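S.K.: Quick one: sequence and predicted model below, then my questions.
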Amino acid sequence: MVTIYDIAKATGFSAPTVSKALNDTGHLLEQTRSAILEKAREMGYEPNSAARSLATKRTYLIGVIYDDPSMQRGFNHPVFSGVLNKFRESVEAAGYDIIFLSCHTKLSYKAHAKFRAVEGIAIINADSRLNKEMSALSEIGIPCVSTNASIPGICTIVTDNKKAGYKAAEYLVSKGHKKIGFLSAPNDEYLPASKERFEGFCQYLTEAGIPFDNSYYEESEYWTVPSGKEAFKKLYQRHSDMTAIFAVSDLIAMGAMSYVREVGIKIPEDLSILGFDDDRVSEYTSPRLTTFRQDSEGIASLAADLLLQHMVGLPVPNKLIHLPCEFIERDSVIDISK
């Protein structure tokens with residue numbers, strides 16, 4: 001294995017100078033730094049992270065929490081897969097590696113974070129059943145940021161779900177729909193996305209003079225196609241007079257579309273459907289699904305920036321930060337006002 005001492009001997013520079021060049025630290029002439037880096041490449045030098053950690057007493061590790069019990073998509077989730085990829089890219093560019101933290105072993109998230117000596121924690125998606133685990137993270141003194149779960153004391157970057165829900169109702173009403181069903185997903189105090197979309201949805205209807213009848217509301221057990229199908233079946237059996245539905249995720253919307261096809265209802269002629277997330281297959285459903293696209297890269301970039309700032313001691317807001325999403329109009333909603 002090539003060491004900094006081998007490079008020092010080959011270049012004629014001291015070992016401390018070589019170390020500064022390889023770690024991009026200190027004040028060196030650009031000519032000196034370039035010569036050392038070029039020689040290191042020629043000699044096949046590879047950095048020793050263990051030695052670096054011993055020397056600096058730092059691990060350069062960021063712990064990532066990514067659990068998906070209710071959506072059941074794992075790394076295929078249309079939003080959080082993008083968030084994870086961009087977050088990794090951002091922190092690796094800053095010289096950090098990521099490691100996944102789990103509480104499905106004998107260790108809690110808190111214990112696992114301490115065991116791995118991570119310098120920061122990114123909660124990309126959390127298991128809402130582990131509320132105590134989530135709360136404990138804000139108390140361990142390790143900088144944290146979240147991109148979905150709203151945890152007291154931790155900065156969270158999320159989509160402006162309320163504004164999106166408002167836009168959904170506004171759009172459907174503008175197309176002449178008044179009897180509109182709402183397909184929700186599981187709600188809890190740490191994962192408020194579905195609840196916020198419903199709040200925005202109801203806000204617009206109230207302002208438009210169309211009070212929402214709660215019998216047009218149905219909650220899906222999970223954020224999945226089968227759960228969406230079952231939830232819509234219950235809703236449709238109560239209100240076959242609906243002309244449109246807003247589903248809080250594309251998978252739930254696709255579950256509704258599956259049931260609709262089974263009973264012979266035409267989309268959008270008989271029923272308009274609006275989804276959320278712009279799942280990668282939404283553009284290829286029949287008809288193509290009108291939906292909302294969350295800003296995965298924007299959420300991830302801001303989360304990485306704020307976490308890195310927090311890790312070097314700069315203040316970050318311990319609150320929700322909302323980012324806008326994009327409305328994607330396709331073919332699954334029809335105008336019945338004409």
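M.R.: Happy to help now that I have it. Numbers count the residues shown, from 1 in each chain.

S.K.: Please make it C-alpha for all contacts and neighbour counts, starting now.
M.R.: Fine.

S.K.: C-terminal to the worst-scoring helix or strand of the chain on mean pLDDT, which secondary structure element comes first?
M.R.: Ranking every helix and strand in the chain by mean pLDDT, DSSP states H and E puts helix 49-56 at the bottom, with a mean of 53. For helix 49-56, the following helix or strand on the C-terminal side (DSSP states H and E) is strand 61-66.

S.K.: Show me the domain layout of this protein.
M.R.: If you go by automatic domain parsing, the domain ranges for the chain are 4-47, 61-159+296-325, 161-293.

S.K.: Same list (those domains) but as a markdown table, adding mean pLDDT, distance to D335 and mean neighbour count.
M.R.: As requested, those are arranged in a markdown table below (pLDDT from 0 to 100; distance: least, Cα to Cα, whole Å; neighbours: other Cα atoms under 10 Å):
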| stretch | mean pLDDT | distance to D335 | mean neighbour count |
| --- | --- | --- | --- |
| domain 4-47 | 82 | 60 | 15 |
| domain 61-159+296-325 | 83 | 23 | 19 |
| domain 161-293 | 95 | 4 | 20 |
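
S.K.: and S337, which of the ones you listed is closest to it?
M.R.: domain 161-293 (4.2 Å; Cα to Cα).

S.K.: got the end-to-end distance for the closest one?
M.R.: Distance across domain 161-293, first residue to last, is 11 Å (Cα to Cα, to the nearest Å).

S.K.: end-to-end on stretch 152-165?
M.R.: End residues of stretch 152-165 are separated by 24 Å (Cα to Cα).

S.K.: contacts for that stretch?
M.R.: Applying Cα atoms under 8 Å, 6 or more residues apart in numbering, the external contacts of stretch 152-165 come out as 135, 138, 144-150, 193-194, 196-201, 292, 294-295, 299, 302-303, 316-325.

S.K.: helix, strand or coil for I99?
M.R.: I99 falls in the strand class when you classify it by DSSP: H, G, I helix; E, B strand; the rest coil.

S.K.: Please verify my assumption that it contacts L61.
M.R.: Yes. Taking Cα atoms under 8 Å as the definition, I99 is a contact partner of L61 at 6.7 Å.

S.K.: quick one, helices of the stretch 201-338 of the chain?
M.R.: Applying DSSP state H, counting those that start in this stretch to the stretch 201-338 of the chain gives helices spanning 225-238, 250-262, 296-311.

S.K.: and the shortest one, C-alpha only, in CSV?
M.R.: These are the backbone C-alpha positions of helix 250-262, laid out as CSV (Å, rounded to 0.1, in the frame of the first residue of the first chain):
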residue,chain,number,x,y,z
ASP,A,250,-50.4,7.9,-7.1
LEU,A,251,-50.3,4.3,-5.8
ILE,A,252,-53.6,4.9,-3.9
ALA,A,253,-55.0,6.5,-7.1
MET,A,254,-53.9,3.5,-9.1
GLY,A,255,-55.7,1.2,-6.6
ALA,A,256,-58.9,3.3,-7.3
MET,A,257,-58.3,2.9,-11.1
SER,A,258,-58.0,-0.8,-10.7
TYR,A,259,-61.4,-1.0,-9.0
VAL,A,260,-62.9,1.4,-11.5
ARG,A,261,-61.9,-0.9,-14.4
GLU,A,262,-63.4,-3.9,-12.7
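
S.K.: Counting by contacts, list what that helix packs against.
M.R.: Applying 3 or more Cα pairs under 8 Å, 6 or more residues apart in numbering; DSSP states H and E, we find helix 250-262 packed against helix 225-238.

S.K.: mind listing the helices for the stretch 1-150 of the chain?
M.R.: Counting by DSSP H, counting those that start in this stretch, the helices of the stretch 1-150 of the chain are 4-11, 15-22, 30-43, 49-56, 80-93, 109-116, 131-137.
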